[in-house]
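[1] Sequence first, predicted coordinates after that:
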Amino acid sequence: MAKRGGFPGGMGGNMNNLMKQAQKMQKQMEEAQKALEEKEFTAAAGGGAVSVTMNGKHEVLSVKIQPDAVDPDDVEMLEDLVMAAVNEVLRKIDDEQASSMSRMTGGLGGFGF
């Protein structure tokens with residue numbers, strides 16, 4: 001009489017291994033996310049006239065503006081520099097996160113992830 005249930009060829013052990021690997025990867029991803037959140041990223045605009053530092057949680061930690069970047073007659077330029085620095089530091093954070101996740105999931109391409 002044929003066995004019912006399970007996987008043909010005794011795949012139950014392989015399934016347990018797969019579950020253990022998934023749990024290990026989940027833990028590694030959580031640790032990587034925590035490390036990323038604690039890391040600081042800085043970007044500058046206008047040749048260093050404005051710099052912004054953020055952490056991996058996308059919280060602004062500091063904004064530095066050089067005095068010569070402050071021109072009361074051209075507030076728009078300063079606004080543009082702050083915006084450019086913020087956008088650049090956000091790109092750095094996203095790139096670091098993508099790189100970190102790619103290193104961990106690089107071998108999963110065959111699973112469609």
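    Yes, it's here. Numbers count the residues shown, from 1 in each chain.
[2] contacts and neighbour counts: CA atoms only from here.
    Will do.
[3] hey, which helix or strand in the chain has the poorest pLDDT?
    Lowest by mean pLDDT, DSSP states H and E among the helices and strands of the chain is helix 12-38, with a mean of 87.
[4] And the contacts of the helix or strand that that helix is followed by?
    Where DSSP states H and E defines the elements, the next helix or strand beyond helix 12-38 is strand 40-45. Under the contact criterion CA atoms under 8 Å, 6 or more residues apart in numbering, strand 40-45 has outside partners 50-56, 81-82, 84-86, 88-89, 92-93.
[5] Direction included, what does strand 40-45 pair up with?
    Taking DSSP bridges as the criterion, strand 40-45 sits next to strand 50-55 (antiparallel) in its sheet.
[6] Run the angle between the partner strand and helix 12-38 for me.
    Angle of strand 50-55 versus helix 12-38, following axes from the mean of the first three to the mean of the last three CA atoms, to 10 degrees, is 140 degrees.
[7] re earlier: may I ask which two of the contacts of strand 40-45 are separated the most?
    56 and 81 (21.2 Å; CA to CA).
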